[in-house]
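Chemist: Dropping the sequence and predicted coords here.
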Amino acid sequence: MFSMTKSVTSMLIGIALDEGAIKDVTESVTVYCRGLVGSAFDGVTIEHLLDMSSGVGDLVEDYTVRDSLINRFAKAAT
């Protein structure tokens, strides 16, 4: 589910770029999501999010730890 979501999101960003709705992935996400201004995402680019390298939070994607945040998220999402 997670990898598929990332793939679909990337395709939609590609379409938005092609149609001119997004100018460049190096733009800050706050250009398009004004509600993120002043948050930890202020200054993060679309490219950072696509690469999963925003630096926001300290999430370690460790599926071997039973109570890790990623496992708790997965349980909550199902």
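Modeler: That came in fine, so what should we check first?

Chemist: Which residues are in contact with the nearest residue to Ala40 once chain neighbours are set aside?
Modeler: Leaving aside its sequence neighbours, Ala40 sits nearest to Val56 (C-beta to C-beta, 6 or more residues apart in numbering; 4.5 Å). (Each C-beta comes from the backbone N, C-alpha and C, glycine too.) By C-beta atoms under 8 Å, 6 or more residues apart in numbering, the residues touching Val56 are Ala40, Phe41, Val44.

Chemist: Closest one to Glu27 out of the residues you listed, please.
Modeler: Among the contacts of Val56, Val44 lies closest to Glu27 (C-beta to C-beta), at 10.3 Å.

Chemist: Test my guess that the closest one contacts Val31.
Modeler: No - contact criterion C-beta atoms under 8 Å: Val44 and Val31 do not qualify, at 11.0 Å.

Chemist: Between these two, point out the one with more neighbours.
Modeler: Val44 (18 against 14; other C-beta atoms under 10 Å).

Chemist: Same list (the contacts of Val56) but as a markdown table, adding secondary structure, pLDDT and distance to Leu17.
Modeler: Converted to a markdown table, the contacts of Val56 look like this (DSSP: H, G, I helix; E, B strand; the rest coil; pLDDT from 0 to 100; distance: C-beta to C-beta, whole Å):
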| residue | secondary structure | pLDDT | distance to Leu17 |
| --- | --- | --- | --- |
| Ala40 | coil | 87 | 25 |
| Phe41 | coil | 89 | 20 |
| Val44 | coil | 92 | 18 |
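
Chemist: Name the residues of the helix ranked longest in the chain that come out as buried.
Modeler: Longest helix of the chain, by residue count under DSSP state H: helix 2-19. Within helix 2-19, the residues scored as buried using 16 or more other C-beta atoms under 10 Å are Ile13.
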